[in-house]
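Enquirer: Fold the following, please.
(one chain, ligands or ions: 2)
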Amino acid sequence: MLLSDPSLLKQQAFIDGQWFDSEHKFAVLNPATAQVITQVTDCDSKITEKSVQAAQRALPSWSALTAKQRGAILNRWFELIMDNQQDLATLMTLEQGKTLSEANGEVAYGASFIQWFAEEAKRQYGEVIPSANPNQRLLTIRQPVGVVAAITPWNFPIAMITRKAAPALAAGCTMIVKPSEETPLCALALAELAQRAGLPQGVLNIVTGLDSKAIGGVLTKSPIVRKLSFTGSTQVGKLLLRQCADTVKRTSMELGGNAPFIVFDDADLDEAVAGAIASKFRNSGQTCVCSNRILVQEDVYDQFTDKLTAALKQFKLGNGLETGVNMGPLINRAAVDKVNALVSQAISAGAKVTTGGQQQGDTLFYQPTVLTGVNAQMDIFNNEIFGPVAPLVKFTDEAQAIELANATPFGLAAYFYASDMSRIWRVSEALEYGMVGINEGLISNEVAPFGGIKESGIGREGSRYGIEEYSEIKYLCMGI
Ligand SMILES: NC(=O)c1ccc[n+]([C@@H]2O[C@H](COP(=O)([O-])OP(=O)(O)OC[C@H]3O[C@@H](n4cnc5c(N)ncnc54)[C@H](O)[C@@H]3O)[C@@H](O)[C@H]2O)c1
Ligand SMILES: O=C[C@H](O)CS(=O)(=O)O
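Expert: Residues are numbered from 1 along each chain as shown. Ligands and ions are numbered 1, 2, ... in the order given. This is a model prediction of the structure:
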């Protein structure tokens, strides 16, 4: 085994502080080799119901702790995650495929949310409101939402869980997490370290299973669950929003993206190429904030294309465990098929390949690819690629760039490179997105509000706003 602490490899669900087995299991595959890593408990609706009951039982005592007491346990969890960073990164590369260096980065990024919200817990202030009635005194207090369910994706198997669990637990909530069936191992290892940190039983529960519809059905229909925090595709997000309506749950939705990356004629082209590579090819193009359409002003289009193509020809595709590999495989066959279909349709509609454009044999590896001559009528312009393909679109002026950038139902992240300050203000304000990178391709961190508008989501994660998603404001009116 590749782990220095093999006990971090867990195969059972984590419910009510116990490792929970069942007769049914499912295989976790290594996308780089197609080999089975291990088998994991396949939870059904009944087991999911047990996790909801466990979270409900744990709520009174957990929420009764002071914020400082909860923060101390979260800080210990943070320390244990960082102490075991290498093993967690190895587990991540094995089950998700990203390179070890990216996996190490994600472990630290994921842990940073726990460190941040361990402190934010202590700053959940209420307020005294000047009364208009001399016989009344008015104030507010903050209280935890209660039992929270989280459903998370495979592309960031640690960070997408801690970005929810950290603020929820800090606020005094208890949580049931259903990780992606593609990447349950990191979630279970997080639970093991939470238990070592002293997190009381039932506060955090991990329900692993193939039947996400059944598990999600229990979590969305239970009146005990007061909030659903979902990260995943817009299609599933819409479904879950509908399912939450019957019990009027609070929701946080971190959904799909279709990020424009605009290169104006006054951009530093070398900086723009570096930013495009960082925002497009991270995690093999499988992030919600990946550049999905690269819009380049006509005067610099050919120069930018040549620079980007030359840089990508240096990329080394391979098993993320190997040193020197820049990019790993896609997560599964469906992901490769989707990228193949989008590239084929673009080429048939007139796009040209300057590098890549091929799946590597019958594997899950797809070459880093640049397409030129892409237009807004192509499927690749209007769909989230979720793969290592950079479609280049030529534009004439600023107004056309903004129109093209805003021409999708999504509004998560956008990027642009320019040097004129008036343009930077105009474009920043005109882009219909929750987050904008200006001369920067990597924008995610624990201190800033992460989230989208339109069909990219509801709410924010990280930052001082992230904990508000897990607390309720109670108004107290005191007659005197
Ligand atoms: N906005 C963000 O912060 C963010 C972050 C990461 C990923 N994403 C988005 O997630 C997508 C890729 O992740 P994915 O393939 O895991 O997404 P997905 O929507 O297929 O799955 C996400 C999670 O939902 C579960 N799920 C699927 N169908 C369900 C159902 N009917 N009921 C209950 N649960 C269900 C899955 O098992 C998984 O745990 C992309 O669209 C990406 O943009 C968004
Ligand atoms: O896939 C979306 C995640 O939120 C990625 S990150 O937060 O930008 O690392």
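Enquirer: quick one: contacts for the closest residue to residue 22 other than its chain neighbours?
Expert: Of all residues not flanking residue 22 in the chain, residue 41 sits nearest, at 5.3 Å (Cβ to Cβ, 6 or more residues apart in numbering). C-beta here means a position set from N, CA and C on the backbone, and glycine is covered the same way. Contacts here follow Cβ atoms under 8 Å, 6 or more residues apart in numbering; on that basis residue 41 touches 11-13, 20-22, 24-25, 208-209.
Enquirer: Up against ligand 2, what does the stretch 201-350 of the chain have?
Expert: Counting by Cβ under 6 Å from any ligand atom, the positions of the stretch 201-350 of the chain adjacent to ligand 2 are 287-289.
Enquirer: which one of these is nearest residue 226?
Expert: The closest of those to residue 226 turns out to be residue 288 (Cβ to Cβ; 25.5 Å).
Enquirer: picking that back up, secondary structure and distance to ligand 1 for the residues of the stretch 201-350 of the chain next to ligand 2 - can I get that in CSV?
Expert: Below are those laid out as CSV (DSSP: H, G, I helix; E, B strand; the rest coil; distance: Cβ to the nearest ligand atom, whole Å):
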residue, secondary structure, distance to ligand 1
287, coil, 7
288, coil, 3
289, coil, 7
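Enquirer: And residue 128, how close does it get to residue 271?
Expert: Plainly put, residue 128 is 49 Å away from residue 271 if you go by Cβ to Cβ, to the nearest Å.
Enquirer: Please report which of the residues of the stretch 201-350 of the chain next to ligand 2 has the highest neighbour count.
Expert: Within these, residue 288 tops the neighbour count with 29 neighbours, counted by other Cβ atoms under 10 Å.
Enquirer: Check that residue and give its pLDDT.
Expert: For residue 288, the model assigns a pLDDT of 98.
Enquirer: Around ligand 1, pick out the residues from the chain.
Expert: So far as Cβ under 6 Å from any ligand atom goes, the chain lies against ligand 1 at 151-155, 160, 178, 180-181, 212-213, 216, 231-233, 236, 239, 254-257, 288, 384, 386, 412, 457.
Enquirer: Average pLDDT for the helix or strand where residue 436 lies, rounded please.
Expert: Here residue 436, judged by DSSP states H and E, is contained in strand 435-438. Averaging pLDDT along strand 435-438 yields 98.
Enquirer: what packs against the helix or strand just after that strand?
Expert: Beyond strand 435-438 on the C-terminal side, the first helix or strand identified by DSSP H and E is strand 453-454. Packing partners of strand 453-454 (3 or more Cβ pairs under 8 Å, 6 or more residues apart in numbering; DSSP states H and E): strand 410-411.
Enquirer: ChimeraX command to pick out the buried ones of the contacts of residue 41?
Expert: Here is the ChimeraX selection string for the buried members of these, based on 16 or more other Cβ atoms under 10 Å:
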select :11,12,13,20,25,208,209
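Enquirer: if you look at the contacts of residue 41, which of them are in strands?
Expert: Judged by DSSP state E, strands contain the following of the contacts of residue 41: 13, 20, 25.
Enquirer: Thought residue 12 was touching the second one, still the case?
Expert: Read it as residue 20. Yes. Residue 20 lies in contact with residue 12 (Cβ atoms under 8 Å); the separation is 5.6 Å.
Enquirer: where does the nearest residue in space to residue 374 that is not next to it in sequence fall, phi/psi-wise?
Expert: Nearest non-adjacent residue to residue 374, counting by Cβ to Cβ, 6+ apart: residue 391, 4.0 Å away. Here is the backbone geometry of residue 391 (degrees, to the nearest 10): phi -90, psi 120.
Enquirer: How about the one 4 residues further on?
Expert: Here is the backbone geometry of residue 395 (degrees, to the nearest 10): phi -130, psi 160.
Enquirer: who's in contact with it?
Expert: Residue 395 makes contacts with 295-298, 401, 404, as judged by Cβ under 8 Å, 6+ apart.
Enquirer: Highest neighbour count among the residues you listed?
Expert: Counting neighbours by other Cβ under 10 Å, residue 296 leads the contacts of residue 395 with 28 neighbours.
Enquirer: quick one: the helices in the stretch 301-450 of the chain?
Expert: Using DSSP state H, counting those that start in this stretch, the helices found in the stretch 301-450 of the chain span residues 301-312, 333-348, 379-382, 398-405, 421-430.
Enquirer: contacts for the fourth one?
Expert: Residues from elsewhere that reach helix 398-405 (Cβ under 8 Å, 6+ apart): 260, 262, 264, 293, 295, 297, 376, 393, 395, 414, 416, 423, 426-427, 430-431.
Enquirer: ok, of these, which come out buried?
Expert: 260, 262, 264, 293, 295, 297, 393, 395, 414, 416, 427, 430-431.
Enquirer: And the residues you listed, which two are furthest apart?
Expert: For those, with distances taken as Cβ to Cβ, the pair at the greatest spread is 393 and 430 (17.3 Å).
Enquirer: Give me the more crowded residue out of residue 128 and residue 271.
Expert: Neighbours per residue (other Cβ under 10 Å) separate residue 128 from residue 271, with residue 271 holding more: 15 against 10.
Enquirer: Pull the residues that contact the helix or strand hosting the more buried one.
Expert: Using DSSP H and E, residue 271 falls within helix 269-281. Applying Cβ under 8 Å, 6+ apart, the external contacts of helix 269-281 come out as 259, 261, 263, 289-291, 294, 300, 303-304, 307-308, 311-312, 315, 326-327, 368, 388, 390, 415, 417, 437, 439-442.
Enquirer: Pull the distance from stretch 425-432 to the chain's centre.
Expert: 24 Å (Cα atoms, centre = their mean, to the nearest Å).
Enquirer: No further questions, thank you.
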